[in-house]
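Colleague: kindly return the folded structure for what I paste below:
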Amino acid sequence: MNIDELKDKRVAVLLSGGVDSSVVVHELASRGLRPDCFYIRIGPEEKEAWDCNSEEDMEMSTAVAARYGCKLQVVDCHKEYWSEVTRYTMEKVKAGYTPNPDVMCNRLIKFGAFHEKMGWRYDLIATGHYAQTEWAGDKKWLTTSPDPVKDQTDFLAQIEGWQLRKAIFPIGHYEKGEVRQIAEREHLVNARRKDSQGICFLGNIDYNEYVRRYVGELEGDVIELETGRLVGRHKGHWFHTIGQRKGLGLGGGPWFVVKKDAARNILYVSHGYNPDSAYKKDFKIHDLHWLTETPKRDGRASLHVGDFERSELPEGYIPVSFKIRHTPEYHLGYLEMTSKSMALDGGEAMIHSLDKIHGVAPGQFCVIYDERHHRCFGSAEITI
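Modeller: Now for the predicted structure:
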């Protein structure tokens with residue numbers, strides 16, 4: 001966190017009730033700042049058993065704000081969440097894709113709807129994400145956290161450039177264990193509270209239950225891809241994703257989901273621990289979204305050991321690292337840009353991975369970094 005960036009700035013903190021955002025308040029207060037704190041209320045459309053966390057979240061947020069003499073205000077983004085994030089999620093799953101509601105929640109709610117309601121009054125918006133930023137001249141970059149397990153740049157890779165310029169991540173330079181230590185040292189009320197494992201803002205709700213509520217169930221066939229043999233039934237293709245192995249309920253496994261026919265509600269599966277049909281090295285991405293600038297080759301020595309030497313790279317091939325799901329590991333590969341994909345946003349491109357990747361699914365976000373997975377360029381949706 002660059003303290004000079006905070007000088008004479010009006011700062012808003014998004015408090016969730018968890019330990020991470022609470023330590024954000026401590027970090028700012030320990031530097032003489034008194035930010036205004038906000039709790040974003042979402043909640044289900046009706047009172048639900050799985051909404052029990054929201055009252056505790058609010059209690060924790062209230063206690064932390066009071067501890068540091070900060071004002072706390074509740075901002076209701078219920079309507080925006082259910083009309084935008086939920087609509088996006090359900091449209092994608094019904095079409096057979098694998099969406100990421102947490103990614104869109106950051107763009108549409110935390111840095112979107114909140115900004116429209118209250119954030120516009122502030123110079124900076126602070127959150128408890130494990131991410132960092134750096135300035136290079138007049139350009140602000142999203143950069144990775146030193147904690148590879150907790151790094152959340154992939155969840156931020158769809159925010160707009162103007163949202164990034166207003167964002168600060170005061171705990172992004174810490175590892176998770178260090179944040180816990182600070183919370184315990186300062187005797188914060190939620191120092192030992194477990195991290196939320198659910199969907200953004202929805203607490204402990206199970207993802208399949210979330211989908212079932214809005215899409216329902218519809219039985220369909222499970223067919224072995226190689227033979228066309230019917231091997232089972234499912235309750236809706238939207239409950240399954242490419243690469244899935246567990247939860248299929250099929251005997252004689254292992255089985256992997258390798259293809260979906262959304263129009264006919266059919267799941268195609270392959271048998272074995274490592275079927276070739278479950279892996280890809282090359283795949284198309286579209287709706288390119290760059291946070292700061294369009295990726296381009298630099299003059300540094302490449303980290304890649306692949307099909308090309310840097311001097312032999314075809315036109316438009318850029319060495320990058322990337323990930324397609326929230327894991328600590330990055331893949332090395334090439335981003336193949338075309339003249340249509342050189343604009344700051346939109347267009348299509350190809351990813352050429354140096355290694356085979358399991359479970360590449362349409363609808364997932366491919367998050368693209370420089371070779372050293374330091375700067376995050378942005379992201380794009382995987383397409384067929």
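Colleague: now for residue 120, how many residues are close by?
Modeller: 10 (other Cβ atoms under 10 Å). All C-beta spots, glycine's among them, are computed from the backbone N, C-alpha and C.
Colleague: same deal with residue 59?
Modeller: Counted with other Cβ under 10 Å, residues neighbouring residue 59 total 13.
Colleague: quick one, longest helix in the protein?
Modeller: Residue-count comparison of every helix in the chain, with assignments taken from DSSP state H, identifies helix 53-67 as the longest.
Colleague: what's in contact with that one?
Modeller: Contacts of helix 53-67 with the rest of the structure, by Cβ atoms under 8 Å, 6 or more residues apart in numbering, involve 15-18, 21-22, 25, 37, 39, 41, 43, 71-72, 74, 188-190, 193, 196, 203-204.
Colleague: let's see it at 6 Å
Modeller: Counting by Cβ atoms under 6 Å, 6 or more residues apart in numbering, the neighbours of helix 53-67 from elsewhere in the structure are 15, 17, 22, 25, 37, 39, 43, 72, 189-190, 203.
Colleague: out of the residues you listed, who's the most crowded?
Modeller: Going through the contacts of helix 53-67 with other Cβ under 10 Å as the criterion, the one with the most neighbours is residue 22, at 32 neighbours.
Colleague: how close does the nearest residue to it once chain neighbours are set aside get to residue 188?
Modeller: Residue nearest to residue 22 in three dimensions, not counting chain neighbours: residue 64, with 4.4 Å by Cβ to Cβ, 6 or more residues apart in numbering. To residue 188, residue 64 is 6 Å away according to Cβ to Cβ, to the nearest Å.
Colleague: pick out whichever of these two has more residues nearby.
Modeller: Counting neighbours by other Cβ under 10 Å for residue 64 and for residue 188 shows that residue 64 has the greater number, 28 against 22.
Colleague: please, where are all the strands along the stretch 201-350 of the chain?
Modeller: Ranges of strands within the stretch 201-350 of the chain are 220-224, 230-234, 255-261, 266-271, 279-290, 317-323, 331-336, 348-358, based on DSSP state E, counting those that start in this stretch.
Colleague: now the ones you listed in JSON lines, with mean neighbour count?
Modeller: Putting the strands of the stretch 201-350 of the chain into JSON lines (neighbours: other Cβ atoms under 10 Å) gives the following:
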{"stretch": "strand 220-224", "mean neighbour count": "18"}
{"stretch": "strand 230-234", "mean neighbour count": "16"}
{"stretch": "strand 255-261", "mean neighbour count": "21"}
{"stretch": "strand 266-271", "mean neighbour count": "20"}
{"stretch": "strand 279-290", "mean neighbour count": "18"}
{"stretch": "strand 317-323", "mean neighbour count": "22"}
{"stretch": "strand 331-336", "mean neighbour count": "22"}
{"stretch": "strand 348-358", "mean neighbour count": "17"}
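Colleague: nearest to residue 172, of these?
Modeller: Residue 172 sits nearest to strand 317-323 of all those, at 17.6 Å, using Cβ to Cβ.
Colleague: direction included, what does the closest one pair against?
Modeller: strand 331-336 (antiparallel), strand 365-369 (antiparallel) (DSSP bridges).
Colleague: touching the shortest one from outside, list them.
Modeller: Judged by Cβ under 6 Å, 6+ apart, the contacts made with strand 365-369 from elsewhere in the structure are 100, 103, 154, 157, 285, 320-324, 376-377, 379-380, 382.
Colleague: which of these sits closest to residue 131?
Modeller: If you rank the contacts of strand 365-369 by distance to residue 131 using Cβ to Cβ, residue 376 comes first, at 8.1 Å.
Colleague: can you pull the buried residues of the longest helix of the chain?
Modeller: Taking 16 or more other Cβ atoms under 10 Å as the basis for neighbour counts, the residues of helix 53-67 that come out buried are 53-54, 57-58, 60-62, 64-65, 67.
Colleague: just the C-alphas of it, formatted as CSV.
Modeller: Included here for helix 53-67 are C-alpha records, laid out as CSV according to Å, rounded to 0.1, in the frame of the first residue of the first chain:
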residue,chain,number,x,y,z
ASN,A,53,-24.7,-15.1,8.3
SER,A,54,-25.9,-11.6,7.4
GLU,A,55,-26.8,-10.6,10.9
GLU,A,56,-23.5,-11.8,12.3
ASP,A,57,-21.7,-10.0,9.4
MET,A,58,-23.4,-6.8,10.4
GLU,A,59,-22.6,-7.2,14.1
MET,A,60,-18.9,-7.8,13.3
SER,A,61,-18.8,-4.8,10.9
THR,A,62,-20.4,-2.6,13.5
ALA,A,63,-17.9,-3.6,16.2
VAL,A,64,-14.9,-3.1,14.0
ALA,A,65,-16.0,0.4,12.8
ALA,A,66,-16.8,1.5,16.4
ARG,A,67,-13.4,0.2,17.6
